[in-house]
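> Just need the structure, nothing else, for what follows:
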Amino acid sequence: MKQDKSLQFGRYLEDFKEGDIYNHFPGKTITESDNNLFSLLTMNHHPVHLDAKYASTKTHGQILVVGTLVFSLVTGMTVRDVSGRAIANLSYHEIKHHAPVFLGDTIFAKTEVLSVRESKTKSDRGIVKVLTEAFNQDNIKVLSFSRSVLIPKK
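So this is what the prediction gives:
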């Protein structure tokens with residue numbers, strides 16, 4: 001039976017080309033429930049993430065979404081296109097929060113392939129380095145990071 005390309009989950013090393021850009025779909029609107037649950041699960045109980053009255057007296061005047069939630073969400077958004085077949089995520093580099101994220105913001109992401117190389121020790125795999133950027137509904141960049149992923153060959 002022939003596999004439907006629309007069901008593809010991840011890529012092999014040979015499928016990555018330096019300079020390729022993947023626009024990840026769908027975006028994600030961050031709800032108060034998302035932020036509260038993530039804050040509680042990760043034991044980040046800072047009131048700027050949970051208490052609207054407290055947050056109203058701080059710099060942004062409203063609840064801020066936890067930065068690691070944004071990072072986790074964006075990483076997850078890339079899995080289908082980048083790491084769906086990965087052997088391992090080897091490292092994350094230069095994680096930068098460029099702008100705040102608020103409840104109700106919708107996050108979109110895109111990834112550029114920075115480099116592709118075969119493994120020096122194992123012939124059945126290689127390393128792909130990518131740069132991922134995330135934007136809100138107003139096309140304001142809110143996050144960027146690069147990572148190196150160990151990917152199998154076909």
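> Flag every buried residue along the top helix by length along the chain.
Criterion DSSP state H: the longest helix present in the chain is helix 67-78. For helix 67-78, the neighbour count (16 or more other Cβ atoms under 10 Å) marks Gly67, Leu69, Val70, Phe71, Leu73, Val74, Thr75, Met77, Thr78 as buried. To be clear about C-beta, it is placed using only N, CA and C from the backbone, and glycine gets the same treatment.
> That helix packs against which elements?
strand 21-29, helix 32-41, strand 88-97, strand 106-118, strand 125-135, strand 141-152 (3 or more Cβ pairs under 8 Å, 6 or more residues apart in numbering; DSSP states H and E).
> Can you say which of the ones you listed is nearest to Tyr12?
strand 141-152 (6.2 Å; Cβ to Cβ).
> Average pLDDT for the closest one, rounded please.
Across strand 141-152, pLDDT averages out at 97.
> what packs against that strand?
Going by 3+ Cβ pairs under 8 Å, 6+ apart, strand 141-152 lies up against helix 67-78, strand 88-97, strand 125-135.
> low-confidence ranges in this protein?
Across the chain, residues meeting the criterion (pLDDT under 70) sit at 1-7.
> go with 80
1-8 (pLDDT under 80).
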